[in-house]
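sequence and predicted structure, then a few things I'm wondering about:
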2 protein chains.
Amino acid sequence: MSGISDVARLAGVSKSTASRALSGSGYVSERTRIKVRAVAASLGYVPSSNAASLVTGRTRNVGVVIPYLHRWFFAEVLEGIQSALLERGLDLTLYDANPGTDGRRRIFEDFLARKRFDGLIAVGLEPEDHELERLLMIGRPLVSVVGSDADATVIGIDDDDAGRRATSHLTGLGHRRIAFVGGGSTARWASVDRRRLGGYLAGMAEAGLAEHTQHVVSDVSLPGGYAASVDLLGAARTRPTGIVAVCDEVAIGTIIAARRLGIRVPSDLSVVGIDDHEYAEMFALTTLQQLPREQGRLAVELLEAELGGAGEPRRVELSARLIVRASTGPVDSRHSVFSSDPRPGIDHIG
Amino acid sequence: MSGISDVARLAGVSKSTASRALSGSGYVSERTRIKVRAVAASLGYVPSSNAASLVTGRTRNVGVVIPYLHRWFFAEVLEGIQSALLERGLDLTLYDANPGTDGRRRIFEDFLARKRFDGLIAVGLEPEDHELERLLMIGRPLVSVVGSDADATVIGIDDDDAGRRATSHLTGLGHRRIAFVGGGSTARWASVDRRRLGGYLAGMAEAGLAEHTQHVVSDVSLPGGYAASVDLLGAARTRPTGIVAVCDEVAIGTIIAARRLGIRVPSDLSVVGIDDHEYAEMFALTTLQQLPREQGRLAVELLEAELGGAGEPRRVELSARLIVRASTGPVDSRHSVFSSDPRPGIDHIG
DNA sequence: ATTCGGTGTGGAATCGTTTCCACAACTGCC
DNA sequence: GGCAGTTGTGGAAACGATTCCACACCGAAT
């Protein structure tokens, strides 16, 4: 392995000049710059990032803390981040902070403290208080994609608005019995899901349906949505005509459940999701589109700005675009009246 | 930020002793070890990994080169790798080498050359020749999960065997018209998919059905399997009674297509996959189970062995377990005879 | 003619560790 | 009692870059 001193020697200059010639900073004559670069190339010289980081304090590496890799949204964001970092020549260190695992604890206690990165991107992390504290203690720029971290730069869609618009889309089609599927029932569940539920409640209220909201608890996953929907749709008398799903995975689970139960979409049941998932087109799913890959790329841009010293922390709320496909339609007249026993208020089934 | 000299000074020892006390190597008295550790803890001392790497040459970091993040198998392997690395206190640098992208080119040309890792894990990489060359030039231990890299340690299931057993499962149930769905038709497609197809061909031959094989080309994804199957299953006369899918995503796409076309699974059509995907249970999919998370963990173990200097490169072939669920069943007697025009040989539809 | 600012270069210090080596003290054995 | 081996410690030399500083040269302006 050849070091910069080898390059310098063969180019007939000092280490300092060689360093300047290669990095492009400081004064170097055109002649020597070319000479040094040529020698470096012929030697296949690659600078030691450790040595460089040691003296400059910059790692040219970004840490990404992310709780899941197998969910569509997270994988997409991560791919977006990675591609933006590659363009900039920056490395990506991955911290898979799966909630409740020992790995997550160690990430916050040990790994992050090593500061092997210039900045951090947190994706849908929903940190506990003590985790957030650690995150801020690090003293490196932090950008969050999805999440409500106090001081950091945050990117995301307006989830309340998305939930509200998904709901309005259905009420506008004449639906009155509309359920919201997805999210937990206990205090600690994703704030994103809570906000979407909040949007749904607001949308229902706007349509004068505040008394007839229904929240079906479900795992935020395709099988979760399927299982919850089998229960929900099984009871014919109280069956809703419209469903707002917390995300497309749940929505697709619902559509599959409906098909299995012989319920036709959209004539018997309209389903709207949030995401524009890879499978949305295949299921003709009406949804509020977000572009997680772009969110990932944007996160890198904002982090870069903060690293450049430019940036105040700021909040970017993108707007989701409604894509109408064939999973929603006008309510069937047979369903347009309430059954004798509409379930009032919020129910938590599942 | 306090360095080891601060720790040493406050503990009343030299830097060398402090270093030994903290790392646990070399001779240090019990008394001073405790003292030094206490001081370090009270200062919140975290060693600079750059400085340490610079002198030791070890980074305590593993690079993972992976072509996709959004596909189930890859995400699972990555999660397995990550969790095994976390346990060992090792960092993970991610290189998302999406085929055909400029990012992939830069990874092989620039990023890997920096050698910011002690070893590499390649997941389903299927490198081109010049890429493989780069990989070996690096001179660091390399473990591949799925793939046929010449000199590296390789982990994977026996894909030929999996394809063969999936096929035999169907022939054993009396199926004779069995198609294989998934994979490309041109020369350069994933060797895994080719091997599974090979297993299918072998299984058909064993059952005396060598003349009646059918390969349906499709994207290796759920929508890909869906689209290919809609075409395949649409033609009632030549419709197969059994389908071997290249993986569960394709198999599930096929099941969804069948349901939409009113074809009942398994009475009209049996479908078998390979993977045991997250959704397999929900679709009652019969499949050959592989455990990608475990493969990821195993990759880390093998890499660790090679880093320890112990290991000869070796090849680990895990065996896939057949899980019979409700997507396969005995062939319906109405279908048990060939139609007038069975398509002989290998066809590439799609 | 002197001064000044812009160029170009090299020497040396620096980043924060680990590790080699020298040295001292203590143990146990012949 | 001498001597080898073990234990404990500190000084100093790495590791491989960047960067500060000093110096030299040049042309232009005073």
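Sure, I can see it.

closest residue of the stretch 1-150 of chain A to DNA strand D?
A:Gly3 (2.5 Å; Cβ to the nearest atom of the strand). Backbone N, C-alpha and C define where each C-beta goes, glycine included.

residue contacts, that residue?
For A:Gly3, the contact set (Cβ atoms under 8 Å, 6 or more residues apart in numbering or on different chains) comprises A:Tyr45, A:Ser48.

just checking, A:Ser5 touches A:Val13?
No: using Cβ atoms under 8 Å, A:Ser5 is not in contact with A:Val13; the gap is 10.7 Å.

is stretch A:299-308 up against DNA strand D anywhere?
No: if you take Cβ under 7 Å from any atom of the strand as the test, stretch A:299-308 misses DNA strand D, and the best it gets is 14.3 Å.

just the buried positions in that stretch, please.
Neighbour counts over stretch A:299-308 (16 or more other Cβ atoms under 10 Å in any protein chain shown) mark A:Ala299, A:Val300, A:Leu302, A:Leu303, A:Glu304, A:Ala305, A:Glu306, A:Leu307 as buried.

circling back: quick check: phi and psi at the residue of the stretch 1-150 of chain A closest to DNA strand D.
phi -100, psi -180 (degrees, to the nearest 10).

would you mind giving the buried residues of stretch A:299-308 as JSON lines with distance to A:Ala38, secondary structure and pLDDT added?
Compiled in JSON lines, those are given as follows (distance: Cβ to Cβ, whole Å; DSSP: H, G, I helix; E, B strand; the rest coil; pLDDT from 0 to 100):
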{"residue": "A:Ala299", "distance to A:Ala38": "38", "secondary structure": "helix", "pLDDT": "97"}
{"residue": "A:Val300", "distance to A:Ala38": "33", "secondary structure": "helix", "pLDDT": "97"}
{"residue": "A:Leu302", "distance to A:Ala38": "38", "secondary structure": "helix", "pLDDT": "94"}
{"residue": "A:Leu303", "distance to A:Ala38": "35", "secondary structure": "helix", "pLDDT": "95"}
{"residue": "A:Glu304", "distance to A:Ala38": "31", "secondary structure": "helix", "pLDDT": "95"}
{"residue": "A:Ala305", "distance to A:Ala38": "35", "secondary structure": "helix", "pLDDT": "93"}
{"residue": "A:Glu306", "distance to A:Ala38": "37", "secondary structure": "helix", "pLDDT": "92"}
{"residue": "A:Leu307", "distance to A:Ala38": "32", "secondary structure": "helix", "pLDDT": "93"}
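
closest one of those to chain B?
A:Val300 (12.8 Å; Cβ to the nearest Cβ).

and the gap between the closest one and DNA strand C?
Distance, A:Val300 to DNA strand C, using Cβ to the nearest atom of the strand, to the nearest Å: 27 Å.

swap in A:Met282?
The value you get for A:Met282 to DNA strand C, if Cβ to the nearest atom of the strand is used, is 53 Å.

looking at it, that residue is touching B:Gly225, isn't it?
No: between A:Met282 and B:Gly225 there is no contact under Cβ under 8 Å: 10.1 Å.

the more surrounded of the two?
Set A:Met282 next to B:Gly225 and count neighbours by other Cβ atoms under 10 Å in any protein chain shown: B:Gly225 wins out with 32 against 18.

from A:Arg314, how far out is the nearest residue to A:Ser319 once chain neighbours are set aside?
Sequence neighbours aside, A:Asp158 is the residue nearest to A:Ser319 in space, at 6.3 Å (criterion: Cβ to Cβ, 6 or more residues apart in numbering or on different chains). Going from A:Asp158 to A:Arg314 by Cβ to Cβ, to the nearest Å gives 15 Å.

repeat for A:Ala210
Distance from A:Ala210 to A:Arg314, by Cβ to Cβ: 34 Å.

next: A:Ala305.
For A:Ala305, the distance to A:Arg314 - Cβ to Cβ - is 9 Å.

can you list the domain ranges for chain A.
Using automatic domain parsing, the domain parsing of chain A gives A:4-56, A:61-157+A:292-318, A:159-291+A:322-349.

got these as JSON lines, with distance to B:Arg177 columns?
As requested, the domains of chain A are exported to JSON lines (distance: least, Cβ to Cβ, whole Å):
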{"stretch": "domain A:4-56", "distance to B:Arg177": "57"}
{"stretch": "domain A:61-157+A:292-318", "distance to B:Arg177": "35"}
{"stretch": "domain A:159-291+A:322-349", "distance to B:Arg177": "26"}
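
can I get the ones you listed in TSV with distance to chain B?
Below are the domains of chain A laid out as TSV (distance: least, Cβ to the nearest Cβ, whole Å):
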stretch	distance to chain B
domain A:4-56	4
domain A:61-157+A:292-318	4
domain A:159-291+A:322-349	4
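
can you say which of the ones you listed is nearest to B:Tyr27?
The minimum distance between B:Tyr27 and the domains of chain A falls on domain A:61-157+A:292-318, with 26.6 Å, by Cβ to Cβ.
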